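Visitor: need the 3D shape of this:
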Amino acid sequence: MMSQPSQQDKAKPLLTASVHDVRYFASLLRGIGFSNRASMRFTAGSGITVTVEEARTLLATSYIYADHFDEWAFDVDNPQAAPSQLSAPDIDRHATSFEIPLNTLLECLNIFGTANMSSSSSTNSKHKHWRRADDASDDERGDDGRRSNANRIDQHFGGNEKRTSMRLTYAGTGHPLTLVLAEDSSGPTTTCEISTFDSEPNLELPFDAEQTALKIIFKSSFWLRDALAELDPSCEKITLIANPVANVQSAQRGVPAKPLFRIQGTGAFGSTEMDYPNDREVLETFECSRSVSFSYRFAHISRTLRALQNSTKTSLRLEQEGLLSLQFLVPVPRPRGGMSDLSSSFDVFPWTMMSLSKANVCLAGVTGVCSELSGFLSAKGGKAL
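Guide: Next up, the predicted model:
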(Lines give C-alpha, C1' and ligand atoms only; values in the text may rest on other atoms or scores of the structure.)
Protein backbone atom coordinates (compact mmCIF):
# COMPACT_ATOMS: atom_id res chain seq x y z
CA MET A 1 0.00 0.00 0.00
CA MET A 2 1.35 3.43 -0.95
CA SER A 3 2.20 5.58 2.03
CA GLN A 4 0.37 8.85 2.38
CA PRO A 5 2.50 12.03 2.62
CA SER A 6 2.56 13.64 6.01
CA GLN A 7 0.91 16.99 6.68
CA GLN A 8 4.36 18.52 7.02
CA ASP A 9 5.31 17.33 3.53
CA LYS A 10 2.06 18.65 2.13
CA ALA A 11 2.70 22.11 3.56
CA LYS A 12 6.36 22.37 2.56
CA PRO A 13 6.85 26.07 1.79
CA LEU A 14 7.03 27.12 -1.82
CA LEU A 15 8.51 30.43 -0.66
CA THR A 16 10.37 31.41 2.47
CA ALA A 17 11.50 35.01 2.97
CA SER A 18 12.58 36.99 6.01
CA VAL A 19 13.53 40.55 6.83
CA HIS A 20 14.51 41.99 10.19
CA ASP A 21 12.91 45.40 9.64
CA VAL A 22 9.51 45.52 7.92
CA ARG A 23 9.29 49.32 7.76
CA TYR A 24 10.43 49.63 4.14
CA PHE A 25 8.37 46.62 3.07
CA ALA A 26 5.27 48.04 4.76
CA SER A 27 5.95 51.52 3.37
CA LEU A 28 5.94 50.25 -0.22
CA LEU A 29 2.65 48.43 0.34
CA ARG A 30 1.10 51.38 2.16
CA GLY A 31 1.92 53.58 -0.83
CA ILE A 32 -0.49 51.61 -3.01
CA GLY A 33 -3.00 50.84 -0.26
CA PHE A 34 -5.91 52.77 -1.81
CA SER A 35 -7.58 49.47 -2.77
CA ASN A 36 -8.00 46.43 -0.54
CA ARG A 37 -7.96 43.87 -3.37
CA ALA A 38 -4.32 43.27 -4.25
CA SER A 39 -2.64 40.77 -6.55
CA MET A 40 0.62 39.42 -5.17
CA ARG A 41 3.17 37.63 -7.35
CA PHE A 42 6.28 35.80 -6.16
CA THR A 43 9.03 35.26 -8.72
CA ALA A 44 12.00 33.01 -7.98
CA GLY A 45 14.78 35.33 -9.12
CA SER A 46 13.12 38.72 -8.82
CA GLY A 47 11.09 39.12 -5.64
CA ILE A 48 7.56 40.25 -4.85
CA THR A 49 5.23 42.28 -7.05
CA VAL A 50 2.03 43.70 -5.56
CA THR A 51 -0.58 45.25 -7.88
CA VAL A 52 -3.82 47.13 -7.24
CA GLU A 53 -6.16 48.98 -9.59
CA GLU A 54 -9.04 51.43 -9.45
CA ALA A 55 -11.94 52.02 -11.81
CA ARG A 56 -10.09 50.27 -14.66
CA THR A 57 -8.15 53.49 -15.25
CA LEU A 58 -5.43 53.47 -12.57
CA LEU A 59 -2.88 50.69 -12.05
CA ALA A 60 -0.38 50.78 -9.17
CA THR A 61 2.47 48.32 -8.61
CA SER A 62 5.08 47.97 -5.88
CA TYR A 63 8.29 46.03 -6.48
CA ILE A 64 10.12 44.48 -3.53
CA TYR A 65 13.26 42.85 -4.90
CA ALA A 66 14.72 39.62 -3.59
CA ASP A 67 17.97 41.25 -2.39
CA HIS A 68 15.95 43.36 0.06
CA PHE A 69 15.32 40.24 2.16
CA ASP A 70 17.76 38.62 4.58
CA GLU A 71 16.51 35.27 3.32
CA TRP A 72 14.83 34.47 0.01
CA ALA A 73 14.19 30.87 -1.01
CA PHE A 74 11.79 29.90 -3.80
CA ASP A 75 11.51 26.13 -4.30
CA VAL A 76 10.94 25.65 -8.04
CA ASP A 77 10.88 21.85 -7.53
CA ASN A 78 7.94 22.10 -5.16
CA PRO A 79 4.81 20.53 -6.73
CA GLN A 80 2.90 23.65 -5.71
CA ALA A 81 5.05 25.65 -8.12
CA ALA A 82 2.99 24.15 -10.94
CA PRO A 83 -0.35 22.98 -9.47
CA SER A 84 -1.90 22.74 -12.95
CA GLN A 85 1.01 21.00 -14.62
CA LEU A 86 -1.17 18.12 -15.88
CA SER A 87 -3.36 20.48 -17.90
CA ALA A 88 -0.75 23.15 -18.62
CA PRO A 89 2.73 21.64 -19.03
CA ASP A 90 4.20 24.99 -20.06
CA ILE A 91 3.18 26.74 -16.83
CA ASP A 92 5.83 28.97 -15.28
CA ARG A 93 7.31 27.07 -12.34
CA HIS A 94 9.40 30.08 -11.30
CA ALA A 95 6.44 32.25 -10.28
CA THR A 96 3.15 32.04 -8.44
CA SER A 97 0.39 34.59 -7.85
CA PHE A 98 -2.72 35.06 -5.74
CA GLU A 99 -4.99 37.76 -4.36
CA ILE A 100 -4.88 39.00 -0.80
CA PRO A 101 -6.68 41.66 1.30
CA LEU A 102 -4.00 44.34 1.44
CA ASN A 103 -5.41 46.14 4.48
CA THR A 104 -5.23 42.91 6.49
CA LEU A 105 -1.60 42.41 5.49
CA LEU A 106 -0.70 45.96 6.53
CA GLU A 107 -2.44 45.57 9.88
CA CYS A 108 -0.48 42.38 10.53
CA LEU A 109 2.84 44.02 9.66
CA ASN A 110 2.10 46.82 12.11
CA ILE A 111 0.82 44.57 14.87
CA PHE A 112 3.54 45.85 17.24
CA GLY A 113 3.16 49.45 16.09
CA THR A 114 6.73 49.67 14.76
CA ALA A 115 6.13 49.25 11.02
CA ASN A 116 5.92 52.97 10.21
CA MET A 117 8.84 54.82 8.67
CA SER A 118 8.77 57.28 11.62
CA SER A 119 8.92 54.54 14.24
CA SER A 120 12.67 54.74 14.78
CA SER A 121 13.34 54.73 18.47
CA SER A 122 16.51 56.77 18.41
CA THR A 123 17.85 59.66 16.43
CA ASN A 124 21.07 57.80 15.77
CA SER A 125 19.37 54.75 14.31
CA LYS A 126 19.88 56.00 10.77
CA HIS A 127 23.65 55.76 11.31
CA LYS A 128 23.51 52.10 12.36
CA HIS A 129 24.24 49.37 9.87
CA TRP A 130 22.25 46.22 9.48
CA ARG A 131 24.11 43.35 11.08
CA ARG A 132 25.10 40.17 9.35
CA ALA A 133 24.29 36.86 10.94
CA ASP A 134 27.96 36.18 11.75
CA ASP A 135 28.64 39.61 13.28
CA ALA A 136 28.81 40.09 17.02
CA SER A 137 29.45 42.99 19.36
CA ASP A 138 32.25 43.01 21.92
CA ASP A 139 29.74 42.25 24.67
CA GLU A 140 28.65 39.09 22.87
CA ARG A 141 32.20 37.71 22.57
CA GLY A 142 34.15 35.91 25.22
CA ASP A 143 37.59 36.78 26.50
CA ASP A 144 39.14 34.75 23.71
CA GLY A 145 37.32 36.83 21.09
CA ARG A 146 34.97 34.03 20.09
CA ARG A 147 31.22 34.37 20.04
CA SER A 148 29.40 33.28 23.18
CA ASN A 149 26.41 30.94 23.11
CA ALA A 150 23.86 33.69 22.67
CA ASN A 151 20.41 32.97 21.36
CA ARG A 152 20.66 32.81 17.57
CA ILE A 153 17.58 34.99 17.17
CA ASP A 154 19.60 37.85 18.67
CA GLN A 155 21.76 37.80 15.54
CA HIS A 156 18.68 38.44 13.46
CA PHE A 157 17.67 41.57 15.35
CA GLY A 158 20.99 43.15 16.34
CA GLY A 159 20.84 46.14 18.65
CA ASN A 160 18.16 47.45 20.96
CA GLU A 161 16.23 49.43 18.36
CA LYS A 162 12.53 48.69 18.36
CA ARG A 163 11.51 47.25 15.03
CA THR A 164 9.42 44.39 13.74
CA SER A 165 11.06 41.34 12.20
CA MET A 166 9.14 39.15 9.76
CA ARG A 167 9.43 35.65 8.39
CA LEU A 168 7.06 35.03 5.47
CA THR A 169 6.13 31.60 4.13
CA TYR A 170 3.72 30.47 1.42
CA ALA A 171 3.00 26.80 0.75
CA GLY A 172 1.25 27.29 -2.59
CA THR A 173 -2.22 27.49 -4.10
CA GLY A 174 -4.99 27.07 -1.55
CA HIS A 175 -2.72 27.79 1.41
CA PRO A 176 -2.68 30.96 3.49
CA LEU A 177 0.14 33.48 3.54
CA THR A 178 1.86 32.96 6.89
CA LEU A 179 3.71 35.74 8.71
CA VAL A 180 5.77 35.19 11.86
CA LEU A 181 6.36 38.58 13.47
CA ALA A 182 8.45 39.56 16.49
CA GLU A 183 9.58 42.86 17.95
CA ASP A 184 12.74 41.59 19.65
CA SER A 185 14.39 38.29 20.54
CA SER A 186 13.03 38.20 24.08
CA GLY A 187 9.54 39.49 23.32
CA PRO A 188 6.39 37.77 22.09
CA THR A 189 6.10 36.21 18.65
CA THR A 190 2.91 36.48 16.62
CA THR A 191 1.87 34.19 13.80
CA CYS A 192 -0.65 35.55 11.28
CA GLU A 193 -2.29 33.46 8.58
CA ILE A 194 -3.96 35.49 5.84
CA SER A 195 -6.36 33.79 3.45
CA THR A 196 -5.39 33.90 -0.21
CA PHE A 197 -7.64 33.76 -3.26
CA ASP A 198 -7.28 32.84 -6.90
CA SER A 199 -5.80 35.72 -8.82
CA GLU A 200 -7.96 37.45 -11.43
CA PRO A 201 -6.52 39.26 -14.46
CA ASN A 202 -5.52 42.83 -13.73
CA LEU A 203 -5.88 45.83 -15.98
CA GLU A 204 -3.07 45.86 -18.53
CA LEU A 205 -1.57 49.24 -19.34
CA PRO A 206 1.55 48.46 -21.33
CA PHE A 207 3.68 51.56 -21.68
CA ASP A 208 5.33 51.65 -25.10
CA ALA A 209 8.81 53.10 -24.52
CA GLU A 210 9.21 53.74 -28.25
CA GLN A 211 6.16 56.03 -28.15
CA THR A 212 7.45 58.13 -25.25
CA ALA A 213 6.72 61.82 -25.85
CA LEU A 214 7.96 63.14 -22.48
CA LYS A 215 10.40 61.88 -19.86
CA ILE A 216 11.27 63.81 -16.70
CA ILE A 217 13.30 62.84 -13.63
CA PHE A 218 13.23 65.17 -10.64
CA LYS A 219 13.47 65.15 -6.87
CA SER A 220 10.24 64.11 -5.25
CA SER A 221 10.25 66.32 -2.17
CA PHE A 222 10.80 69.80 -3.56
CA TRP A 223 9.62 69.73 -7.13
CA LEU A 224 6.60 67.45 -7.19
CA ARG A 225 5.26 66.75 -3.72
CA ASP A 226 5.25 70.42 -2.73
CA ALA A 227 3.72 71.39 -6.07
CA LEU A 228 0.84 68.94 -5.69
CA ALA A 229 0.33 70.11 -2.11
CA GLU A 230 -0.31 73.62 -3.43
CA LEU A 231 -3.33 72.46 -5.41
CA ASP A 232 -6.78 73.01 -3.97
CA PRO A 233 -8.39 69.78 -2.70
CA SER A 234 -11.50 70.63 -4.72
CA CYS A 235 -9.44 70.38 -7.91
CA GLU A 236 -11.13 68.16 -10.49
CA LYS A 237 -8.39 67.61 -13.02
CA ILE A 238 -4.67 68.11 -13.54
CA THR A 239 -3.22 69.02 -16.92
CA LEU A 240 0.41 68.28 -17.79
CA ILE A 241 1.83 70.55 -20.50
CA ALA A 242 5.32 70.19 -21.98
CA ASN A 243 7.22 71.55 -24.97
CA PRO A 244 10.60 70.71 -26.51
CA VAL A 245 13.46 72.93 -25.34
CA ALA A 246 13.95 74.27 -28.90
CA ASN A 247 10.33 75.47 -29.06
CA VAL A 248 10.64 77.29 -25.74
CA GLN A 249 13.89 79.01 -26.64
CA SER A 250 12.59 80.18 -30.05
CA ALA A 251 9.72 82.23 -28.60
CA GLN A 252 9.36 85.57 -30.38
CA ARG A 253 9.11 88.97 -28.75
CA GLY A 254 5.53 89.93 -27.88
CA VAL A 255 4.40 86.33 -27.99
CA PRO A 256 3.95 84.54 -24.63
CA ALA A 257 6.67 81.98 -24.17
CA LYS A 258 5.58 78.37 -24.15
CA PRO A 259 6.17 76.60 -20.85
CA LEU A 260 8.88 73.98 -20.73
CA PHE A 261 6.84 71.94 -18.26
CA ARG A 262 3.66 73.07 -16.52
CA ILE A 263 1.30 71.47 -14.00
CA GLN A 264 -2.14 73.05 -14.14
CA GLY A 265 -4.89 72.27 -11.66
CA THR A 266 -8.49 73.15 -12.53
CA GLY A 267 -11.45 73.10 -10.19
CA ALA A 268 -14.71 74.82 -9.31
CA PHE A 269 -12.89 77.78 -7.75
CA GLY A 270 -10.43 78.50 -10.53
CA SER A 271 -7.09 77.15 -11.68
CA THR A 272 -3.49 77.00 -10.47
CA GLU A 273 -0.43 76.88 -12.69
CA MET A 274 3.12 75.88 -11.77
CA ASP A 275 5.90 76.27 -14.33
CA TYR A 276 9.25 74.48 -14.14
CA PRO A 277 12.41 76.16 -15.48
CA ASN A 278 15.05 74.57 -17.68
CA ASP A 279 17.42 74.02 -14.77
CA ARG A 280 19.30 70.81 -13.99
CA GLU A 281 18.85 71.50 -10.29
CA VAL A 282 15.09 71.25 -10.84
CA LEU A 283 14.71 68.83 -13.73
CA GLU A 284 17.57 66.35 -13.63
CA THR A 285 16.39 64.85 -16.92
CA PHE A 286 14.07 66.47 -19.45
CA GLU A 287 13.36 64.82 -22.81
CA CYS A 288 10.43 66.03 -24.88
CA SER A 289 10.04 65.00 -28.52
CA ARG A 290 6.92 67.06 -29.24
CA SER A 291 4.45 69.41 -27.56
CA VAL A 292 2.02 67.53 -25.32
CA SER A 293 -0.96 68.45 -23.18
CA PHE A 294 -3.01 65.81 -21.37
CA SER A 295 -5.46 66.01 -18.47
CA TYR A 296 -6.04 63.52 -15.66
CA ARG A 297 -8.48 63.18 -12.81
CA PHE A 298 -7.02 64.76 -9.68
CA ALA A 299 -8.58 61.94 -7.63
CA HIS A 300 -6.33 59.48 -9.44
CA ILE A 301 -3.19 61.61 -9.16
CA SER A 302 -3.81 62.09 -5.44
CA ARG A 303 -3.60 58.31 -5.03
CA THR A 304 0.14 58.62 -5.64
CA LEU A 305 0.81 61.06 -2.79
CA ARG A 306 1.51 58.44 -0.14
CA ALA A 307 4.06 56.67 -2.33
CA LEU A 308 5.49 60.04 -3.33
CA GLN A 309 5.96 61.03 0.29
CA ASN A 310 8.53 58.30 1.02
CA SER A 311 10.41 58.56 -2.28
CA THR A 312 13.51 60.54 -3.16
CA LYS A 313 13.20 60.68 -6.95
CA THR A 314 10.31 60.58 -9.40
CA SER A 315 10.33 59.48 -13.01
CA LEU A 316 7.44 60.91 -15.06
CA ARG A 317 6.78 59.59 -18.56
CA LEU A 318 4.05 60.40 -21.06
CA GLU A 319 3.12 58.24 -24.02
CA GLN A 320 2.04 59.92 -27.24
CA GLU A 321 -1.56 58.76 -26.61
CA GLY A 322 -1.48 60.29 -23.11
CA LEU A 323 -0.84 57.27 -20.88
CA LEU A 324 0.94 58.60 -17.79
CA SER A 325 3.56 56.54 -15.98
CA LEU A 326 4.92 57.65 -12.60
CA GLN A 327 7.69 55.75 -10.87
CA PHE A 328 8.88 56.55 -7.34
CA LEU A 329 12.26 55.37 -6.05
CA VAL A 330 12.77 54.59 -2.36
CA PRO A 331 16.39 53.92 -1.26
CA VAL A 332 16.68 51.19 1.37
CA PRO A 333 19.67 49.52 3.05
CA ARG A 334 20.56 46.02 1.95
CA PRO A 335 20.75 43.40 4.71
CA ARG A 336 24.45 42.81 4.00
CA GLY A 337 25.47 46.39 3.50
CA GLY A 338 25.06 48.96 0.76
CA MET A 339 21.91 50.54 -0.60
CA SER A 340 19.33 49.47 -3.13
CA ASP A 341 16.22 51.07 -4.62
CA LEU A 342 12.70 49.80 -4.18
CA SER A 343 10.07 51.32 -6.43
CA SER A 344 6.37 51.88 -6.95
CA SER A 345 4.82 52.70 -10.29
CA PHE A 346 1.47 54.22 -11.23
CA ASP A 347 -0.06 54.10 -14.71
CA VAL A 348 -3.00 56.42 -15.36
CA PHE A 349 -5.35 56.83 -18.32
CA PRO A 350 -5.83 60.43 -19.49
CA TRP A 351 -9.18 62.19 -19.14
CA THR A 352 -10.11 61.73 -22.83
CA MET A 353 -9.38 58.01 -22.83
CA MET A 354 -11.47 57.57 -19.68
CA SER A 355 -14.40 59.32 -21.39
CA LEU A 356 -14.07 57.09 -24.43
CA SER A 357 -13.88 54.01 -22.21
CA LYS A 358 -17.07 55.00 -20.38
CA ALA A 359 -18.79 55.74 -23.69
CA ASN A 360 -17.88 52.28 -24.98
CA VAL A 361 -19.25 50.68 -21.82
CA CYS A 362 -22.50 52.66 -22.15
CA LEU A 363 -22.76 51.79 -25.84
CA ALA A 364 -22.24 48.11 -25.07
CA GLY A 365 -24.94 48.31 -22.42
CA VAL A 366 -27.43 49.99 -24.76
CA THR A 367 -26.69 47.42 -27.46
CA GLY A 368 -27.31 44.60 -25.00
CA VAL A 369 -30.63 46.11 -23.88
CA CYS A 370 -31.80 46.57 -27.49
CA SER A 371 -30.85 42.98 -28.28
CA GLU A 372 -32.80 41.66 -25.29
CA LEU A 373 -35.79 43.86 -26.19
CA SER A 374 -35.74 42.60 -29.79
CA GLY A 375 -35.70 38.99 -28.62
CA PHE A 376 -38.55 39.63 -26.18
CA LEU A 377 -40.77 41.25 -28.86
CA SER A 378 -40.06 38.47 -31.33
CA ALA A 379 -41.03 35.86 -28.77
CA LYS A 380 -44.32 37.70 -28.15
CA GLY A 381 -45.03 38.05 -31.84
CA GLY A 382 -44.38 41.76 -31.80
CA LYS A 383 -42.23 43.81 -34.11
CA ALA A 384 -38.74 44.79 -33.06
CA LEU A 385 -37.49 48.30 -33.61
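
Visitor: please name the bridge partners of residue 287.
Guide: Residue 287 has these beta-bridge partners by DSSP bridges: residue 215.

Visitor: quick one: contacts of whichever strand or helix holds residue 181?
Guide: Residue 181 belongs to strand 177-182 when assigned by DSSP states H and E. For strand 177-182, the surrounding residues in contact (C-beta atoms under 8 Å, 6 or more residues apart in numbering) are 22, 40, 98, 100, 105, 108-109, 111-112, 153, 164-171, 188-194, 196. Heads up, the C-betas are built off the backbone N, CA and C, glycines and all.

Visitor: what sits against residue 76?
Guide: Counting by C-beta under 8 Å, 6+ apart, residue 76 touches 44, 93-94.

Visitor: recalculate using a threshold of 10 Å.
Guide: Listed by C-beta atoms under 10 Å, 6 or more residues apart in numbering, the contact set of residue 76 reads 14, 44-45, 82, 92-95.

Visitor: please tell me how far the residue nearest the centre of the chain sits from residue 22.
Guide: Centroid-nearest residue in the chain: residue 62, 1.9 Å away (criterion: C-alpha atoms, centre = their mean). Remark: distance between residue 62 and residue 22 (C-beta to C-beta, to the nearest Å) = 14 Å.

Visitor: list the residues that contact both of these two?
Guide: With C-beta under 10 Å, 6+ apart, residue 62 and residue 22 have common neighbours residue 29.

Visitor: so residue 318 belongs to a strand, correct?
Guide: Yes. Under DSSP: H, G, I helix; E, B strand; the rest coil, residue 318 falls within a strand.

Visitor: begin at 398 from here
Guide: Noted, 398 is the first residue going forward, which turns the last one into residue 715.

Visitor: so what's it closest to, chain neighbours aside?
Guide: residue 611 (4.0 Å; C-beta to C-beta, 6 or more residues apart in numbering).

Visitor: how about that neighbour, what does it touch?
Guide: Residues in contact with residue 611, defined by C-beta under 10 Å, 6+ apart, are 637-641, 658, 683-689, 691, 713-717, 721.

Visitor: can you say which of those residues are buried?
Guide: The neighbour-count test (16 or more other C-beta atoms under 10 Å) marks 637-641, 658, 683, 685, 689, 691, 713-716, 721 as buried among the contacts of residue 611.

Visitor: which one of those is nearest residue 736?
Guide: Within the buried ones among the contacts of residue 611, the smallest distance to residue 736 is 23.0 Å, found for residue 713 (C-beta to C-beta).

Visitor: quick check: that closest one vs residue 585, distance?
Guide: 44 Å.

Visitor: any idea which element residue 588 lies in?
Guide: strand 586-591.

Visitor: pLDDT on that strand, on average?
Guide: Across strand 586-591, the average pLDDT comes to 96.

Visitor: next: stretch 728-737.
Guide: Stretch 728-737 comes out at a mean pLDDT of 83.

Visitor: start and end of it, how far apart?
Guide: Start and end residues of stretch 728-737 are separated by 6 Å (C-alpha to C-alpha, to the nearest Å).

Visitor: do stretch 411-431 as well
Guide: End-to-end distance for stretch 411-431, by C-alpha to C-alpha: 29 Å.

Visitor: one more: stretch 693-704?
Guide: Start-to-end span of stretch 693-704 (C-alpha to C-alpha) is 18 Å.

Visitor: and if you look at stretch 694-709?
Guide: Terminal residues of stretch 694-709 are spaced 24 Å apart (C-alpha to C-alpha).

Visitor: now that stretch: buried residues?
Guide: 694-695, 697-701, 703-705, 707-708.

Visitor: tell me which two of those sit farthest apart.
Guide: Farthest-apart pair in these is 694 and 707; separation 23.0 Å (C-beta to C-beta).

Visitor: about what we covered before: who's the residue nearest to the centre of the chain bridged to?
Guide: Counting by DSSP bridges, residue 459 forms beta bridges with residue 447, residue 741.

Visitor: so it makes contact with residue 426?
Guide: Yes. Under the criterion of C-beta atoms under 10 Å, residue 459 makes contact with residue 426 at 6.1 Å.

Visitor: now for these two: what residues contact both?
Guide: Joint contacts of residue 459 and residue 426 (C-beta under 10 Å, 6+ apart) are 435, 437, 445, 447, 449, 741.

Visitor: show me what contacts the fourth one?
Guide: Taking C-beta under 10 Å, 6+ apart, we find residue 447 in contact with 425-426, 428-430, 435-438, 457-461, 497, 499, 502, 741.
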